[in-house]
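J.: model this:
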Amino acid sequence: MAGVWVFQDDGVMRLVENPCNDTTRKQLVHLASGEVITSYTVLENKLLSLGWERYYSGDPQLLQYHKSSTLHLISLPRDFSRFRSIHMYDIVVKTRNQFQVRDVRLPNANSLSQ
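T.: Numbers count the residues shown, from 1 in each chain. You can find the predicted model right below:
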């Protein structure tokens, strides 16, 4: 019997036999407001309020932001569905103490049936 024992809220333990099937995804959270970034419109409003400006390069596949007091440039895919954790961590590093990347656990079909 291989797996991981999980404590439920009612104190009962159960065995999750294949914990690797549980999936997680990342989400970017604006710390001051606690708001989850769900679109580039939301993100742009936060970045603009922090002094970042849109930077228009020749690449139509990218959205870019620059802060004039730094050398930092945030480059993001124009399509939000291609916004990945690497982009989120880039934002976290370049906007110290403003954003955080959090794991969101998504239940799989096995854990829902138990």
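
J.: so where's the protein shaky on pLDDT?
T.: 1-3, 17-22, 108-114 (pLDDT under 70).

J.: at the geometric centre of it, which residue do we find?
T.: Q27 (2.5 Å; CA atoms, centre = their mean).

J.: for the strand or helix carrying it, which strands pair with it and how are they oriented?
T.: Taking DSSP states H and E as the criterion, the element that holds Q27 is strand 23-30. Using DSSP bridges, strand 23-30 pairs in its sheet with strand 35-36 (antiparallel), strand 99-106 (antiparallel).

J.: related to what we said a few turns ago, for the residue nearest to the centre of the chain, what are its contacts?
T.: For Q27, the contacting residues are 36-37, 88, 101-102, 104, by CB atoms under 8 Å, 6 or more residues apart in numbering. Quick note: C-beta positions are derived from backbone N, CA and C, even for glycine.

J.: mind running it again at 10 Å?
T.: Shown in contact with Q27 (CB atoms under 10 Å, 6 or more residues apart in numbering): 36-38, 85, 88, 100-104.
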